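**Student:** Using only what follows, build the 3D model:
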Amino acid sequence: MADVNLDIPMKDRNKKIAINGVKAAIKDDVAEFLAIRKLITFNSRHNLKWDFINTNVVHNLPTSDYQHVLIPRGSLWEVACLYEKESGYLYAFMRDKNFRSLSTRRRRVKPHYLDALAAINKDLSIDTNYRVGQQMQLFDTLSDEWNQGMQGILSEITEQLQQPLNRFVLISFDTHREDLISVNACMLTPNLGIAYKEDWSEFITLDFSAALAFGDGAQLDREDEIELSLREEIINDESDYLLGIKTEEDENEGDKDHKKGKK
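**Tutor:** Now for the predicted structure:
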């Protein structure tokens, strides 16, 4: 068996650009937008935050090195990924808690986009000490519906690229209140295990106020509190579609809408 090179090739300066684009979106951009726009109502901080994350990362990284790839998830959500031209690596961003939820879920009727992205790393396994075992075929053990969903997501990605797609890396992050406190780059296995991980938290530009806030461990992340209350009180209100807080079933419905729109 041959050794696998599991290094993540993104240059340090680009790590810092991407990570601090996420930080600015979470801490500053939404607040500045609200201060300027003076909205009467504000129904989706979650969605607006992700629009700023995607925009900051894509606009700030050099286009000579990176191409952005959009994955539509129904009519209400788009996922932005970064394709590194030199290495053929694809990067996507996700909150730590969402990644943990997906990797431990028991019910898998239709694939999440992360399932399809992780399948790019089809030769990796957490059970072989980061070595290549026998090559597995994609989609050979699951239902036809699952396989078709995976193929559809991957096709939407490869159609936007002119070069090979070699690896996928998930950049997961955690927040405390409205501050970015940790970032990890994870090379996933097809079953959403972690074959290799790098801690990129050192590239977060830490300010004094954030350091003081993180020292107070008694208070919960403000966004976590908001999302929890929304889930309990509003998620069952069918008269008002709740943007951003998406269950697997919500995403599956969005996939159906997206397919209908293509016909």
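**Student:** and residue 195, backbone torsions?
**Tutor:** As for residue 195, its main-chain torsions (degrees, to the nearest 10) stand at phi -90, psi -30.
**Student:** Strands of the stretch 101-250 of the chain, start to end?
**Tutor:** Applying DSSP state E, counting those that start in this stretch to the stretch 101-250 of the chain gives strands spanning 167-176, 179-188, 194-199.
**Student:** Relative to residue 152, which of these is closest?
**Tutor:** Proximity to residue 152 (C-beta to C-beta) singles out strand 167-176 among those, at 16.6 Å. (Glycine included, C-beta is placed from N, CA and C.)
**Student:** For that closest one, name the packing helices and strands.
**Tutor:** helix 12-24, strand 89-95, helix 96-104, helix 113-118, strand 179-188 (3 or more C-beta pairs under 8 Å, 6 or more residues apart in numbering; DSSP states H and E).
**Student:** Pull out the buried positions in that strand.
**Tutor:** 167, 168, 169, 170, 171, 172, 173, 175, 176 (16 or more other C-beta atoms under 10 Å).
**Student:** In the sheet, which strands lie alongside that strand, parallel or antiparallel?
**Tutor:** Paired strands of strand 167-176, with direction, are strand 89-95 (parallel), strand 179-188 (antiparallel) (DSSP bridges).
**Student:** Make JSON lines out of the buried residues of strand 167-176 and add pLDDT and distance to residue 54.
**Tutor:** Shown next, in JSON lines, are these (pLDDT from 0 to 100; distance: C-beta to C-beta, whole Å):
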{"residue": "167", "pLDDT": "97", "distance to residue 54": "21"}
{"residue": "168", "pLDDT": "98", "distance to residue 54": "17"}
{"residue": "169", "pLDDT": "98", "distance to residue 54": "16"}
{"residue": "170", "pLDDT": "98", "distance to residue 54": "15"}
{"residue": "171", "pLDDT": "98", "distance to residue 54": "12"}
{"residue": "172", "pLDDT": "98", "distance to residue 54": "16"}
{"residue": "173", "pLDDT": "97", "distance to residue 54": "14"}
{"residue": "175", "pLDDT": "94", "distance to residue 54": "16"}
{"residue": "176", "pLDDT": "91", "distance to residue 54": "22"}
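**Student:** Please tabulate those in CSV, including the columns distance to residue 108.
**Tutor:** Listed next are the buried residues of strand 167-176 as CSV, based on distance: C-beta to C-beta, whole Å:
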residue, distance to residue 108
167, 23
168, 18
169, 22
170, 18
171, 23
172, 20
173, 24
175, 27
176, 31
